[in-house]
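Peer 1: generate coordinates for the sequence data below:
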Amino acid sequence: MKTYIYARNITLTDGLKEAVENKLNRLDKYFNQPVEARATLSVTKMDQIFEVTIPFGSVLLRAEESSDDMYKSIDLVQDKLERQIRKYKTKIERKAGDSSVRFNDTAFVRDEEADDDSPKIVRTKKISMKPMSKEEAVLQMELLGHSFYVFEDTDGETSVVYKRKDGNYGLLEREEE
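Peer 2: Prediction:
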């Protein structure tokens, strides 16, 4: 597995680099061909955050953990990635009827007909959008107790505000083409 390691607000020591590579190389047994992993180590105030992204076929495996110790975060991310991989592996095994599966490029391609246990849209809700400012949308979202809110901004464009893990807010706007 080819691993790209990035560090933010932390010095990348040889020990950290070796720990990341060792943990991620343990995932090689699940893949037939070489894959790339992007790992980011970062520090914010009291948290040591480790996140990994593995683009593979039509699936993006991603895990992020934060704790008070970077090595602990690395262990937690490896466990989380293995759970994700095992989940997809058992799903594929049930479809194929085989006792063992190693992933190749086609392993994660979705087969709509055979994917009976995949998430489905179970409810549709229509909303009326009145023009409002971003601040009003955040206030409305908080009043409703939701984690996101769709609204029409004062320019007539549809936007989304959402609550981030760090307690701040994010804004999604449509990109002009």
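
Peer 1: tell me who's in contact with the residue nearest the centre of the chain.
Peer 2: Computing the C-alpha centroid of the chain and ranking residues by C-alpha atoms, centre = their mean puts Arg62 first, at 4.3 Å. Applying C-beta atoms under 8 Å, 6 or more residues apart in numbering to Arg62 gives the contacts 51-54. C-betas here are computed from N, CA, C, even on glycine.

Peer 1: the strands in the chain, which residues?
Peer 2: 2-8, 36-44, 47-56, 59-67, 148-152, 158-163, 169-173 (DSSP state E).

Peer 1: right, so those strands: which one is the most enclosed?
Peer 2: strand 47-56 (a mean of 19; mean count of other C-beta atoms under 10 Å).

Peer 1: partner strands of that one, with direction?
Peer 2: Sheet pairing of strand 47-56 (DSSP bridges) gives strand 36-44 (antiparallel), strand 59-67 (antiparallel).

Peer 1: got a list of what the closest residue to Ile5 other than its chain neighbours touches?
Peer 2: Distance criterion C-beta to C-beta, 6 or more residues apart in numbering; nearest residue to Ile5, sequence neighbours excluded, is Ala39 at 4.9 Å. Contacts for Ala39 (C-beta under 8 Å, 6+ apart) come out as 3-6, 20, 24, 50-52.

Peer 1: in the protein, where is pLDDT below threshold?
Peer 2: 57-58, 92-93, 95-117, 177 (pLDDT under 70).

Peer 1: residues in contact with Ser147?
Peer 2: Here Ser147 is in contact with 141, 162-163 (criterion: C-beta under 8 Å, 6+ apart).

Peer 1: still on that earlier bit, wait, which of the strands of the chain is closest to Arg86?
Peer 2: Comparison of the strands of the chain against Arg86 by C-beta to C-beta identifies strand 59-67 as nearest, at 11.6 Å.
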